[in-house]
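Visitor: pasted the sequence and its predicted model underneath.
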Amino acid sequence: MDPFIQRAARIDILAQYSYYLDQGVPVVAQRFLAAVHRAVDEAVAMPHAGAPRRTVNPLLAGLRTWPAKGFREHRVYYLVRHDRPTVVRVLHDKRDTAAILRGQRIEGAPEFG
């Protein structure tokens, strides 16, 4: 099943991609996109292999992370419920991920649960 990429995750990806473009390194921007796509594909193929991530947000119970290879500080945060993988965010480890995830909503949460 194809993963659902939440709007917040798409914004994360585009922001990082744009950052690399603004820095004048379009090759790195393309590599970043490829690494994130690969990480999502790998997480979907082996959904329970990702590292569990604790959060106080009950909407994110069962949250896992998968690294974007080649961008070791970027992680794909995802959930799998009812066999539907959902990419919640794509965040850099230096960000305050606990605070970001604390307030994170899930698109389609009523039917997601």
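Guide: Everything's here; your move.
Visitor: which of the residues in the longest helix anywhere in the chain are buried?
Guide: Looking across the chain with DSSP state H, the single longest helix is helix 26-45. The neighbour-count check on helix 26-45 (16 or more other C-beta atoms under 10 Å) flags 28, 29, 32, 33, 35, 36, 39, 40, 42, 43, 44 as buried. No exception for glycine: its C-beta is placed from N, CA and C like everyone else's.
Visitor: relative to the whole chain's centre, how far out is whichever helix or strand comes after it?
Guide: Next along the chain after helix 26-45, taking DSSP states H and E as the criterion, comes strand 51-52. When distances are taken as C-alpha atoms, centre = their mean, to the nearest Å, strand 51-52 is centred 13 Å away from the chain's centroid.
Visitor: now stretch 89-100
Guide: That offset, for stretch 89-100, works out to 10 Å (C-alpha atoms, centre = their mean).
Visitor: poorly predicted segments of the chain, please.
Guide: Judged by pLDDT under 70, the chain has its weakly predicted residues at 1, 108-113.
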